[in-house]
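Enquirer: attaching a predicted model along with its sequence, questions to come.
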Amino acid sequence: MIETIDGFEIKKNEQSSRIVNIDITEGILNKLIFPFNKFDITALEYKPFTRFTLAKNLDDLTQNKLSKLINSILKDRAKGCFILKTNIQNKKIDKNFLVKLSTAITHLIGVPNHDSMSGKYYARFFIKHEDDSDSYLRKAYINMDLHTDGTYVNENTDWVLMTKIEEKNAKGGETALLHLDDLENLKELSDSPVSRQNFIWSSPKSKNVDYKVEHPVFTKDKNGNINISYIDQFPEPQNIEQGIFLQKLSDALEESDNKIITDLPTGSSVVINNHFWLHGRRPFKINENLSRELLRVRGSFNS
Ligand SMILES: [Fe+2]
């Protein structure tokens, strides 16, 4: 499936044959500077069509091969994940450039959902030494358990992009990834009748979502593959059976030997199919000056 695209280095990830590494060379980065300068971040936020212009600028540089490649990776059940790397040493690559590049990539895949936490089509946030928020997202020293995104919203969340914008004094905090088919006892868990029951999902205040949704943990797609929609913090189990099932699932995920622990370089993006890839984060080593800035975009596929 892996083809060649001029200006990109495309190879199998060293840790997993399910992940494709896509490295953007200097040549392409330099060619993006001019078209990307046409819009500032405010324009991208206020005028949604400009986001598609950036996407087209990027795809045109690849004879439209990039959009085909990334869509085929994300929709391939055996893969479903790619890591896009830029060279952060390139002085022209600043934070705004990374926002624009992430915008271009996501608009080659589909349409972002409104991110209620930020009120925009994307969210940027810091993880620091101190935190008084109400979810695990910004708790630097606690493991963020494997989960999928969008479990408590009404919209379809087909994919997630996470870009590491900047990092200072960070040790640990590696990204954890698990492909659902690599979960050792997936069959046992997904065969359990409770896994197909509707669970109630809510979210804490900071997420700015004021409704609850109901859906099962496991569903089957049209090809009979099992999909998962799960996060540890937000389901509201209604009885012991549901509680025990969630505990069992949580233990299975965290104890899986097939988790991929990877250090994402600054300036890189990881993009996953959110129906069968789970993601999380290892705790950071304590440092008062710790700072990591992330960008996330979540959305649905182009229909
Ligand atoms: Fe997440």
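Expert: In hand now; what should we look at?
Enquirer: tell me where this protein has helices.
Expert: When assigned using DSSP state H, the helices of the chain occupy the ranges 26-37, 41-46, 48-60, 65-75, 95-109, 186-191, 240-255.
Enquirer: what does stretch 141-149 contact?
Expert: Contact partners of stretch 141-149, identified using CB atoms under 8 Å, 6 or more residues apart in numbering, comprise 136-137, 157, 160, 176, 178, 228-232, 250, 253-254, 256, 259, 274-275, 277-284, 286, 296, 298. Quick note: C-beta positions are derived from backbone N, CA and C, even for glycine.
Enquirer: how about stretch 213-232?
Expert: When contacts are taken as CB under 8 Å, 6+ apart, the neighbours of stretch 213-232 outside the stretch itself are 77, 145, 147-154, 180, 186, 189-190, 195-201, 235, 245-246, 249-250, 275-276, 278.
Enquirer: returning to that earlier point: out of the contacts of stretch 141-149, which end up buried?
Expert: Taking 16 or more other CB atoms under 10 Å as the criterion, what is buried in the contacts of stretch 141-149 is 136-137, 157, 160, 176, 178, 228-232, 250, 253, 256, 259, 274-275, 277-282, 284, 296, 298.
Enquirer: in strands, which of the contacts of stretch 141-149 appear?
Expert: Counted as lying in strands by DSSP state E, out of the contacts of stretch 141-149, are 160, 176, 178, 228, 277-281, 296, 298.
Enquirer: same list (those residues) but as a markdown table, adding distance to Asn90 and pLDDT.
Expert: Listed next are the ones in strands among the contacts of stretch 141-149 as a markdown table, based on distance: CB to CB, whole Å; pLDDT from 0 to 100:
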| residue | distance to Asn90 | pLDDT |
| --- | --- | --- |
| Val160 | 26 | 98 |
| Ala176 | 29 | 98 |
| Leu178 | 32 | 98 |
| Ile228 | 37 | 98 |
| Trp277 | 29 | 98 |
| Leu278 | 32 | 98 |
| His279 | 27 | 98 |
| Gly280 | 30 | 97 |
| Arg281 | 27 | 97 |
| Arg296 | 23 | 97 |
| Arg298 | 27 | 98 |
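Enquirer: quick one: residues contacting Asn273.
Expert: By CB under 8 Å, 6+ apart, the neighbours of Asn273 are 74-75, 80-81, 158-159.
Enquirer: for it, give me the pLDDT.
Expert: Reading off the per-residue confidence, Asn273 sits at a pLDDT of 98.
Enquirer: now do Val209
Expert: pLDDT, Val209: 83.
Enquirer: equivalent analysis for Lys79, please.
Expert: In this model, Lys79 is scored at 98, pLDDT.
Enquirer: list the buried residues of stretch 294-303.
Expert: 294-300.
Enquirer: equivalent analysis for stretch 53-66, please.
Expert: Using 16+ other CB under 10 Å, the residues of stretch 53-66 that count as buried are 53-59, 61-62, 65-66.
Enquirer: ok, which pair from those is furthest apart?
Expert: Farthest pair in the buried residues of stretch 53-66 (CB to CB) is Thr53 and Lys65. Separation: 18.9 Å.
Enquirer: what's the separation between Asn274 and Ala104?
Expert: Applying CB to CB, to the nearest Å, one obtains 20 Å for the distance of Asn274 from Ala104.
Enquirer: also Tyr141?
Expert: When distance is defined by CB to CB, Tyr141 is 34 Å away from Ala104.
Enquirer: quick one, which of the two is more surrounded?
Expert: Just comparing Tyr141 and Ala104: by other CB atoms under 10 Å the higher neighbour count belongs to Ala104, 23 against 15.
Enquirer: Lys120 against Leu44, yeah?
Expert: No: judged on CB atoms under 8 Å, Lys120 makes no contact with Leu44 at a distance of 9.2 Å.
Enquirer: so which of those two has more stuff around it?
Expert: Relative neighbour count places Leu44 above the other of Lys120 and Leu44, with 21 against 15, counting by other CB under 10 Å.
Enquirer: number of residues surrounding the closest residue to Ser203 other than its chain neighbours?
Expert: In space, and not counting its chain neighbours, Ser203 is closest to Tyr152: 4.2 Å by CB to CB, 6 or more residues apart in numbering. The burial count assigned to Tyr152 is 22, neighbours taken as other CB under 10 Å.
Enquirer: give the contact list for Tyr136.
Expert: For Tyr136, the set of contacting residues under the criterion of CB under 8 Å, 6+ apart consists of 142, 144-145, 233.
Enquirer: look up how far Lys212 lies from it.
Expert: For Tyr136, the distance to Lys212 (CB to CB) stands at 19 Å.
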